[in-house]
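Asks: Compute the structure for the input listed below.
(chains A and B)
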Protein chains: 2
Amino acid sequence: MTVVQNGTTNGSASSAPTKPAGLDASKLKITLSQNLKPIPPPETLIFGQTTTDHMVFVEYDPVNGWSAPEIKPYGPLNLDPMSSCFQYCPNVFEGMKAYIGPDGKPRLFRPEMNMARMKRSADRVSLPVFDTEELLKIIKRFIEVEARWIPKAKGHSLYIRPTIIGTRASLGVGPSNHAILYVVVSPAGPYFKTGSRAVSLLAVTEHVRAWPGGTGGYKLSLNYAPTFMPQQAAAQKGYDQVLWILGEDKHVTEVGAMNFFVVVKRDDGDLDVLTPPLDGTILPGLTRDSVLKLTAAHPSRTSLPNLPNSLKLYPHEQLLTMSQIIEWSKQGRLLEAFGVGTAVVVVGVGKIGFEGQDIILPQHEGGLGPVSRALYERIVDIQEGKVEWEHWSVPCDEQ
Amino acid sequence: MTVVQNGTTNGSASSAPTKPAGLDASKLKITLSQNLKPIPPPETLIFGQTTTDHMVFVEYDPVNGWSAPEIKPYGPLNLDPMSSCFQYCPNVFEGMKAYIGPDGKPRLFRPEMNMARMKRSADRVSLPVFDTEELLKIIKRFIEVEARWIPKAKGHSLYIRPTIIGTRASLGVGPSNHAILYVVVSPAGPYFKTGSRAVSLLAVTEHVRAWPGGTGGYKLSLNYAPTFMPQQAAAQKGYDQVLWILGEDKHVTEVGAMNFFVVVKRDDGDLDVLTPPLDGTILPGLTRDSVLKLTAAHPSRTSLPNLPNSLKLYPHEQLLTMSQIIEWSKQGRLLEAFGVGTAVVVVGVGKIGFEGQDIILPQHEGGLGPVSRALYERIVDIQEGKVEWEHWSVPCDEQ
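Replies: This next block holds a predicted model:
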């Protein structure tokens, strides 16, 4: 193994320097599995536990750059125990989903946003640069190869997990100039096994998910392990998820691993749809962005399902403090709260525990109020290619 | 593979529940390599880049608990791409060192502190529990097996890296109930290749290493990758290391991956030796603790090398703001600043860049002032078994 540090090789200096190769989808090699697995019934799926037949695999080293991408049989990674991914965690991932459209073709939802975010994340932990358009081409081809794994039931999809891990095998603290980029997929039903019901949240102030100047605005693997223990503690108190609170003003950042929204009735009878701003402590979620854009479009550019055209929605990105939320609740103006993310799409909130009191939200059949249900229905319809909107749903055979 | 979630197996429910096995050093199996590697000359060592012949390996699963520990030939780990260590980073490690004592026997430095910290770290990211005394027995035996790798030159040692990684193969965000505990070692010379000179620091406020309610007080692998990019930016500006600043009062937390100390002259001519308190944003370092204890012992219980007994040292754990440091510097009272850690032991600071100005410290031969040099000499003498102090240096054959 050639060991490289600070951009200079410690090996032979006789070879002429060449520019490391970029990620190149045209070099893709496909090796199909000779033993395809049986597809499990959709109702037995638990999120993220089913592996498929193949994976995407590409390696980076500072001399050769990115290797020829491979689609090959799903299998383990072989890594030196000193690898940076274990020791210092320069690891990033994305969450995407593939759906079967009415034309029978696999499609993705706003995939260029995942690619751009993945590049930002990789830059933040000093991973090697890569061409996002090339990665998207490889993922589209991969989804076509694994298309038989896309469940067709409504609310089901093939979850896609592009991942880059640092593989520099050295204990010196510093950027990883070796990496592996891989993509695995897993067929998925609804994220919460509880089915359609509102979740309960426990507002947590003693543990903090993200901080100004930290990494909460990037999709880094390292943002997640610190949430396990507070999440377990919330579950022991009978709450489903953690509502992350920050600062002396006790403002909300995220819920579990989701972005957070509230629907507040205005004096004029219309509705404010509010979510915290992207101040560096909030993940810039695709579903978050989609919710903001769709609420802004109702009713002037589209009618969201079962919402009257006489009702106006006003999306705002603004700080949401717990005292505001309590005040709106007392005034009867807090109509809905919900979490959004790629895995869950939209999930309703039934109550929020805060400083020993529970804030109770209006209850709705299936856990979703009129606005969150309309957003869920419309987003899933766009994702599944049933409603066309701004080319958000992209067929995999479109290059 | 048996997939387990929330403590219940999805496999057969017919087998009677048994308590998972604890970590047990008495089950240790040793398989020696048939091809021992050549030992490189000490002067060629770069920190953390040399692997040895063997490693410790133990696996945990929720049904069987910890497997029989193995010392076996050094080799790669084989891991499912969905493993938690890549996706969510519940990975912890320790930094320890082995030395050859005057009696020719390998010895460790305050190893029970590393074990206790590792357990705290593992708990913070919900890794399986383990018996720290058993792990220490395994490490001692491992060091005896690898004893030929311990360099004998002063300031050299065999760096020890115990590591636990989460290996649950599922994309659902949650604790890893599968894990691998492994230990690798690497012979090491002085940490900084520049040799003995003071380092320069750039005080950084726009990126934050740790925060109240975060994980900066634990030795988690995930604390390190976010520091790569700020460290690179500091290097581009000509500074060796980052000085991490937090809060509106701009107080110091750590330097690079080290604890931070300053020596300030008192009105009575004695010296304050100051370091930030363990408020959750500071790693509770072994070297930090050793510095506090040794300064408190001078001159009443021991005389530190080349420091007069008429000089009293007053250790304090207190917040250190940049404005205080600037003020002390202007008054001519800021005599020394230094970083401490297992890898570096003690390294002097020559200047601190802050808001476009450089705070210049008094310059000393070899980069260390009288107090930091005395601490470096004494700690290394204790580590190498040349000076006995409170049983801090523990022979590996002592069980």
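Asks: Going along the chain, name the strands of the stretch 151-300 of chain A.
Replies: Assigned by DSSP state E, counting those that start in this stretch, the strands in the stretch 151-300 of chain A fall at A:157-166, A:179-188, A:199-204, A:241-246, A:251-255, A:259-265, A:271-275.
Asks: Need those in CSV (columns: mean pLDDT).
Replies: CSV is the format used below for these (pLDDT from 0 to 100):
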stretch, mean pLDDT
strand A:157-166, 98
strand A:179-188, 98
strand A:199-204, 97
strand A:241-246, 98
strand A:251-255, 98
strand A:259-265, 98
strand A:271-275, 98
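Asks: Up against chain B, what does the stretch 1-150 of chain A have?
Replies: Contacts of the stretch 1-150 of chain A with chain B, taken as Cβ under 8 Å from any Cβ of the partner chain, map to A:3, A:5, A:10, A:46-49, A:51, A:55, A:74, A:76-82, A:84-91, A:93, A:123-126. Just so you know, the C-beta spots here come from the backbone N, C-alpha and C atoms, and that holds for glycine as well.
Asks: of those, buried ones?
Replies: Burial by neighbour count, 16 or more other Cβ atoms under 10 Å in any protein chain shown: within the residues of the stretch 1-150 of chain A next to chain B this picks out A:5, A:46-49, A:51, A:55, A:74, A:77, A:79-82, A:84-91, A:93, A:124-126.
Asks: Please flag which of those sit within helices.
Replies: The helices, defined by DSSP state H, take in A:84-87, A:124 from these.
Asks: Give the residue spans of the stretch 101-250 of chain A that score low on pLDDT.
Replies: Residue ranges of the stretch 101-250 of chain A with pLDDT under 70: A:191-195.
Asks: How about it: which residue is closest to chain B?
Replies: Residue nearest to chain B within the stretch 101-250 of chain A: residue A:171 (2.7 Å; Cβ to the nearest Cβ).
Asks: Not counting residues beside it along the chain, what's closest to that residue?
Replies: Leaving aside its chain neighbours, residue A:171 sits nearest to residue B:48 (2.7 Å; criterion: Cβ to Cβ, 6 or more residues apart in numbering or on different chains).
Asks: Is residue A:329 part of a helix or strand, or is it coil?
Replies: helix (DSSP: H, G, I helix; E, B strand; the rest coil).
Asks: Ok, residue A:35 next?
Replies: coil.
Asks: Just the pLDDT for it.
Replies: If you check residue A:35, the pLDDT there is 96.
Asks: burial of residue A:113, as a residue count?
Replies: 17 (other Cβ atoms under 10 Å in any protein chain shown).
Asks: One more: residue A:159?
Replies: Count around residue A:159 with other Cβ under 10 Å applied: 22.
Asks: which ones are touching the residue lying closest to it once chain neighbours are set aside?
Replies: Of all residues not flanking residue A:159 in the chain, residue A:188 sits nearest, at 4.3 Å (Cβ to Cβ, 6+ apart). Residues in contact with residue A:188 (Cβ atoms under 8 Å, 6 or more residues apart in numbering or on different chains) are A:45, A:47-48, A:97, A:151, A:156-159, A:343.
Asks: so which of those residues is the most crowded?
Replies: residue A:157 (27 neighbours).
Asks: Around the residue of the stretch 251-399 of chain A found nearest chain B, how many other residues sit close by?
Replies: Going by Cβ to the nearest Cβ, chain B is nearest to residue A:257 of the stretch 251-399 of chain A, at 5.3 Å. Using other Cβ under 10 Å, residue A:257 has 23 neighbouring residues.
Asks: Kindly report the same for the one 4 residues further on.
Replies: When neighbours are defined as other Cβ under 10 Å, residue A:261 has 27 of them.
Asks: my guess is it contacts residue A:276, does it?
Replies: No - look at residue A:261 against residue A:276 with Cβ atoms under 8 Å: they stay out of range, at 9.2 Å.
Asks: residues from the stretch 201-350 of chain A in reach of chain B?
Replies: A:205-208, A:211-215, A:220-222, A:224-229, A:231-232, A:256-257.
Asks: Narrow these to those that are buried.
Replies: A:205, A:207-208, A:211, A:213-215, A:220-222, A:224-229, A:231, A:256-257.
Asks: taking these one by one, which sit in helices?
Replies: Those of those lying in helices (DSSP H): A:228-229, A:231.
Asks: For residue A:269, grab the count of nearby residues.
Replies: 9.
Asks: just residue A:389 next, same as before
Replies: 17.
Asks: Which residue is the nearest non-sequential neighbour of it?
Replies: residue A:382 (4.8 Å).
Asks: I figured the one you found hits residue A:393, correct?
Replies: Yes - counting by Cβ under 8 Å, residue A:382 sits close enough to residue A:393 to count as a contact (5.6 Å).
Asks: list residues touching both of these two?
Replies: residue A:109.
Asks: would you say residue A:113 is within a strand?
Replies: No - per three-state DSSP, residue A:113 lies outside any strand segment and is helix.
Asks: Now do the contacts for residue A:259.
Replies: A:275-276, A:282-283, A:285, A:287-288, A:339-341.
Asks: Including neighbour count, could those go into JSON lines?
Replies: Below are the contacts of residue A:259 laid out as JSON lines (neighbours: other Cβ atoms under 10 Å in any protein chain shown):
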{"residue": "A:275", "neighbour count": "25"}
{"residue": "A:276", "neighbour count": "20"}
{"residue": "A:282", "neighbour count": "23"}
{"residue": "A:283", "neighbour count": "23"}
{"residue": "A:285", "neighbour count": "23"}
{"residue": "A:287", "neighbour count": "25"}
{"residue": "A:288", "neighbour count": "23"}
{"residue": "A:339", "neighbour count": "26"}
{"residue": "A:340", "neighbour count": "25"}
{"residue": "A:341", "neighbour count": "21"}
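Asks: Grab the nearest non-local neighbour of the residue nearest the centre of chain A.
Replies: Central residue of chain A (Cα atoms, centre = their mean): residue A:95, 3.9 Å from the mean position. Closest residue to residue A:95 apart from its sequence neighbours, by Cβ to Cβ, 6+ apart: residue A:342 at 4.1 Å.
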